[in-house]
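1. Next input, structure requested:
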Amino acid sequence: MGYITLKPPAMKESELSGSSDNELFQHVNPDEITIPYIADANVSTYLDQLVIAPQTFKEANEQGCDIEFGIDMDRDGYITGIELTLLPSKFIALIQSQAFKIYGTIWRDRKFHLVTLDHAEHVFKPENVVYKMTDKEDAFVIVEHVEPENLGYHYPDPAHRGTVALFKGLISARDDIYPLEYMREPDFWLKRDM
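-> Purely as a prediction, here's the structure:
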């Protein structure tokens with residue numbers, strides 16, 4: 001299981017545990033771990049091709065859209081952290097291939113930053129859904145809906161079965177909640193025995 005912290009924590013994981021405990025450094029040189037920032041006006045074209053949901057992600061979740069494990073939200077509905085299935089080999093591959101990127105773009109006549117949580121071909125799949133986090137429409141998540149059986153989930157009561165949301169990206173105009181400086185300085189951590 002993995003956890004993505006979208007909002008700056010009080011202390012970084014490396015400050016809590018010490019960088020010598022980070023197993024990631026056995027696979028990736030710490031100096032090579034970066035999240036590139038790319039100013040790209042064309043990203044908005046890709047975002048416009050995705051399905052835009054009328055409801056917030058919280059509302060979709062309450063109406064039966066399931067999640068892998070859990071998400072943390074603040075009291076206003078902004079997602080602050082995501083628990084997900086993230087095998088160590090996939091995590092290392094995502095870092096090595098620089099799948100995590102930040103795009104600066106103008107979308108819906110507003111400046112946004114898109115943080116990708118997977119490779120571009122998985123983030124910009126036309127069937128992916130963009131959910132606003134609040135009715136202010138200043139932060140969104142990109143979600144891929146997957147049939148639960150494809151993830152090995154089985155629901156005993158089919159009436160409670162919904163698709164499972166896999167988070168693929170964060171779109172934000174809220175630098176006060178999702179600071180660009182924090183997003184650009186990854187505190188990637190790999191510890192198999194937590």
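
2. Could you list the low-pLDDT ranges of the chain?
-> Scanning the chain for pLDDT under 70 picks out 1, 10-20, 158-161, 193-194.

3. mind listing the strands for it?
-> With strands called from DSSP state E, the chain shows them at 2-5, 37-39, 51-56, 66-67, 71-73, 79-84, 102-107, 110-116, 129-132, 139-146, 164-172.

4. by contact count, what packs against the top helix by length along the chain?
-> Residue-count comparison of every helix in the chain, with assignments taken from DSSP state H, identifies helix 88-96 as the longest. The contact analysis (3 or more CB pairs under 8 Å, 6 or more residues apart in numbering; DSSP states H and E) places helix 88-96 against no helix or strand. Quick note: C-beta positions are derived from backbone N, CA and C, even for glycine.

5. roughly how far is that helix from the heart of the chain?
-> Offset of helix 88-96 from its chain centre (CA atoms, centre = their mean, to the nearest Å): 15 Å.

6. Please identify the buried residues of that helix?
-> Residues F91, I92, L94, I95 are the ones in helix 88-96 that count as buried (16 or more other CB atoms under 10 Å).

7. quick one: the last one from H27, how far?
-> Going from I95 to H27 by CB to CB, to the nearest Å gives 8 Å.

8. same deal with the first one?
-> Here F91 is placed at a distance of 9 Å from H27 (CB to CB).

9. can you list residues touching both of these two?
-> Common neighbours of F91 and H27, using CB atoms under 8 Å, 6 or more residues apart in numbering, are L190.

10. picking up where we left off before, kindly present the strands of the chain as CSV, with separate columns for distance to P179 and mean neighbour count.
-> Rendered in CSV, the data for the strands of the chain read as follows (distance: least, CB to CB, whole Å; neighbours: other CB atoms under 10 Å):
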stretch, distance to P179, mean neighbour count
strand 2-5, 12, 16
strand 37-39, 13, 11
strand 51-56, 22, 14
strand 66-67, 25, 17
strand 71-73, 17, 16
strand 79-84, 13, 18
strand 102-107, 11, 18
strand 110-116, 10, 19
strand 129-132, 20, 22
strand 139-146, 13, 22
strand 164-172, 10, 23
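
11. Dump those to JSON lines, plus distance to H122.
-> JSON lines is the format used below for those (distance: least, CB to CB, whole Å):
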{"stretch": "strand 2-5", "distance to H122": "15"}
{"stretch": "strand 37-39", "distance to H122": "17"}
{"stretch": "strand 51-56", "distance to H122": "15"}
{"stretch": "strand 66-67", "distance to H122": "17"}
{"stretch": "strand 71-73", "distance to H122": "19"}
{"stretch": "strand 79-84", "distance to H122": "13"}
{"stretch": "strand 102-107", "distance to H122": "15"}
{"stretch": "strand 110-116", "distance to H122": "9"}
{"stretch": "strand 129-132", "distance to H122": "13"}
{"stretch": "strand 139-146", "distance to H122": "7"}
{"stretch": "strand 164-172", "distance to H122": "6"}
